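> What follows is a protein structure lacking sequence information:
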């Protein structure tokens, strides 16, 4: 589940983009275009050249981003994580920001202004995580996505011996990177950060030791195998040593994870162009939570009359997918795709398909995510990964972790059809390479979460009460993430209180509740699922009111997805005109408007 987060955090872990041809994005005038004498072709050309230079600079500083995008000349390389390099990266981003801000409105046409603002938004987001968040010096999640070797192991972009050579180079670079990461951490660390680091880096070590050797065992190259043996041993030692070192910090762990209200608000504006007051944002989340709880009550009155909401959700959860979650998801994808076609909900712009596999050991801190090859790749598969239960949990907790069939249906909708996978099919056909490469958190996760409710509203799987409960449990999970992010980082909420809210309001099993509450501490932007969804729903309402017609919903979806993945307020300005605006109403306000 991941947009391109270079140094941001997201549950999606390490998904990139999918290959595709270029397509001109539709444009709705946002403002009068300056006359040709003012908005000159040379100014727009200079902006285009600056964008190309920025992309090249990002590739050099973040080679794992480049390699994931399909620029395989960067294979095997890792970023320089030293404190000196982090400072140099920030200085470069500030210089680039000044460079793009110098392109004034009066010298660019509408397209140029949109492109400039999109780049500035990406830079501001990167600077927040790099400088303001403090995460380079405390948070293992800042590094974990960069370190994933999945593309070398699961993506058939080259013959196995070539990918093995890249993986060996990656492993050879890993001990230095791990040493830099360890040197960056400033003790003491929050307990949830330590747990994440122990699980992530310990998971790397286990994966390198137990799984990777068999992948490359058939490569007949003695010299490469010797390099692999040496690099593999060093990588296992480096990652396990870091996991052990972090574990040794547990007696000194703190609960100092909160960003604070000022920094949390700065995060929202820097990363998503959302500048609403926190009390207003909280009220919006509480309203959506109540909307979904009311809908759950209505569905449960039909599905499990006379039972509590918790018992009703348990009844839905007891209907497990045949063969487990992985097999169940595989069985769902074809039907989801056909439903989109039959209902003509959104254009499917290519023949690409996604596979479903069990998540690797180093990336099991969330139930599901998808890895999608980058825009420079051609004709490669995407993989929808599902994490098995933690074997350390009780048998009851392990069984409860496997979702019900209806619940899983909307996870599959979120990850593949018409969620992340379809969104990235569109993103890679955006008319602008920057839009293919930089897809933001609220855009990507907001779209995927929006897609769940949209599919139910369209009648997915008969829209039965059981199916509705599956959709609503996903929505309630995201509502509680939204409120937990605000509470954990601005309201003094404890991890235990967040965990209890996931149990009481989102009806999560114990294992998921623990994971989700902990995640809120190191991924404060995970409110973006609901935040993005609600901004998209509001934009849809406003856009269709201005563009009514029998095909308005599909037209809205296709145009929304055509821009790549900028902050949703920038898309709103493009589709409706005016300045970027984070428009969000409570459920009651929306109902009042729609009833007029």
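Cool, got the structure. Since the structure is predicted, the reported quantities are computational estimates derived from the model, not experimental observations.
> Residue 137: neighbouring residues, count only.
Per other CB atoms under 10 Å, the neighbour tally for residue 137 reads 15. (Glycine included, C-beta is placed from N, CA and C.)
> Once you drop chain neighbours, what's closest to it?
residue 186 (4.7 Å; CB to CB, 6 or more residues apart in numbering).
> cool, and residue 441?
The nearest residue in space to residue 441 (CB to CB, 6+ apart) is residue 528, at 4.5 Å.
> doesn't residue 445 make contact with the one you found?
Yes. Shown here, residue 528 and residue 445 form a contact pair, counting by CB atoms under 8 Å, at 5.2 Å.
> is it true that residue 478 touches residue 531?
No. Shown here, residue 478 and residue 531 do not form a contact pair, counting by CB under 8 Å, at 9.3 Å.
> more neighbours, these two?
When residue 478 and residue 531 are compared on other CB under 10 Å, the one with more neighbours turns out to be residue 531, at 31 against 27.
> check contacts around the residue nearest to residue 441.
Residue 528 makes contact with 272, 441, 442, 445, 446, according to CB atoms under 8 Å, 6 or more residues apart in numbering.
> mind running it again at 10 Å?
Each residue near residue 528 by CB atoms under 10 Å, 6 or more residues apart in numbering is listed here: 3, 10-11, 268, 271-272, 274, 440-446, 449, 478, 481-482, 485, 535, 568.
> In which helix or strand does the closest residue to residue 493 other than its chain neighbours reside?
Distance criterion CB to CB, 6+ apart; nearest residue to residue 493, sequence neighbours excluded, is residue 487 at 3.3 Å. When elements are assigned from DSSP states H and E, residue 487 belongs to helix 465-490.
> Could you list the buried residues of the helix or strand that that helix is followed by?
Later in the chain than helix 465-490, the nearest helix or strand by DSSP H and E is helix 495-504. Taking 16 or more other CB atoms under 10 Å as the basis for neighbour counts, the residues of helix 495-504 that come out buried are 495, 498, 499, 501, 502, 503.
> Pull the residues that contact helix 495-504.
Under the contact criterion CB under 10 Å, 6+ apart, helix 495-504 has outside partners 190-192, 255, 257, 289, 309-310, 476-477, 479-481, 483-485, 487-488, 491, 493-494, 508-510, 512-521.
> Filter those residues down to the buried ones and hand me the ChimeraX line.
A single ChimeraX command suffices to select whichever of the contacts of helix 495-504 are buried according to 16+ other CB under 10 Å:
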select :190,191,192,257,289,309,476,477,479,480,481,483,484,485,487,488,491,493,508,509,510,512,513,514,515,516,517,518,519,520,521
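> one step back: do you know how far the residue nearest to residue 441 is from residue 280?
Computed as CB to CB, to the nearest Å, the residue 528 to residue 280 distance reads 17 Å.
> again with residue 494
Taking CB to CB as the measure, residue 494 and residue 280 are separated by 24 Å.
> circling back to that earlier point, identify the contacts common to residue 478 and residue 531.
Any residue near both residue 478 and residue 531 by CB under 10 Å, 6+ apart counts here, and that gives 285, 288, 445, 446, 449.
> Closest one to residue 182 out of the residues you listed, please.
Distance to residue 182, by CB to CB, is smallest for residue 445 among the shared contacts of residue 478 and residue 531, at 30.5 Å.
> Show me how far stretch 397-414 is from its chain's centre.
The chain centroid and the centroid of stretch 397-414 are separated by 19 Å, computed with CA atoms, centre = their mean, to the nearest Å.
> I should have written stretch 259-273 there, sorry.
For stretch 259-273, the gap between its own C-alpha mean and the chain's C-alpha mean amounts to 18 Å (CA atoms, centre = their mean).
> average pLDDT across it?
Within the predicted structure, the mean pLDDT of stretch 259-273 is 98.
> and what of stretch 303-323?
Predicted confidence along stretch 303-323 averages 97 (mean pLDDT).
> how about low-confidence regions in the stretch 251-400 of the chain?
Along the stretch 251-400 of the chain, the model assigns pLDDT under 70 to residues 362, 365.
> quick one: the helices in it?
When secondary structure is read from DSSP state H, counting those that start in this stretch, the stretch 251-400 of the chain shows helices at 261-272, 278-303, 309-318, 325-343, 395-401.
> again, but for the stretch 101-250 of the chain
Across the stretch 101-250 of the chain, reading from the start of the chain, the helices by DSSP H, counting those that start in this stretch fall at 110-127, 141-147, 150-154, 160-184, 191-210, 212-216, 222-248.
> Residue 82 is nearest to which of the ones you listed?
Going through the helices of the stretch 101-250 of the chain one by one, with CB to CB as the measure, helix 160-184 comes closest at 5.0 Å.
> So which bits of the closest one are buried?
For helix 160-184, the buried set under the neighbour-count rule, 16+ other CB under 10 Å, comprises 163-175, 177-178, 180-182, 184.
> Repeat that for stretch 46-57.
Of the residues in stretch 46-57, 46, 47, 50, 51, 54, 55 count as buried by neighbour count, 16+ other CB under 10 Å.
> Tell me which helix or strand the second one sits in.
What that stands for is residue 47. Mapping residue 47 onto the secondary structure by DSSP H and E places it in helix 41-61.
> name the helices or strands packed onto that helix?
helix 63-69, helix 83-101, helix 110-127, helix 433-437 (3 or more CB pairs under 10 Å, 6 or more residues apart in numbering; DSSP states H and E).
> quick one on the thing from earlier: now render the helices of the stretch 101-250 of the chain as a markdown table, adding mean pLDDT.
Compiled in a markdown table, these are given as follows (pLDDT from 0 to 100):
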| stretch | mean pLDDT |
| --- | --- |
| helix 110-127 | 97 |
| helix 141-147 | 91 |
| helix 150-154 | 90 |
| helix 160-184 | 98 |
| helix 191-210 | 95 |
| helix 212-216 | 95 |
| helix 222-248 | 98 |
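> between the ones you listed, which one is nearest to residue 543?
Relative to residue 543, the nearest member of the helices of the stretch 101-250 of the chain by CB to CB is helix 110-127, separated by 16.6 Å.
> what angle separates that closest one from helix 83-101?
Inter-element angle recorded for helix 110-127 and helix 83-101: 160 degrees (by axes from the mean of the first three to the mean of the last three CA atoms, to 10 degrees).
> Off-centre distance for helix 110-127?
The chain centre lies 19 Å from the centre of helix 110-127; the measure is CA atoms, centre = their mean.
> And for stretch 472-480?
That offset, for stretch 472-480, works out to 16 Å (CA atoms, centre = their mean).
> domains for this protein, by residue range?
As recorded under automatic domain parsing, the domains making up the chain are 41-133, 137-256, 265-531.
> ranking these by burial, who's on top?
Comparing those on average neighbours per residue, with mean count of other CB atoms under 10 Å, the densest one is domain 265-531 at a mean of 21.
> picking up where we left off before, same list (the domains of the chain) but as a markdown table, adding distance to residue 543.
Putting the domains of the chain into a markdown table (distance: least, CB to CB, whole Å) gives the following:
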| stretch | distance to residue 543 |
| --- | --- |
| domain 41-133 | 17 |
| domain 137-256 | 33 |
| domain 265-531 | 13 |
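> Nearest to residue 578, out of those domains?
For the domains of the chain, proximity to residue 578 was assessed by CB to CB; domain 41-133 is nearest, at 12.2 Å.
> how long is that closest one from one end to the other?
Start-to-end span of domain 41-133 (CA to CA, to the nearest Å) is 39 Å.
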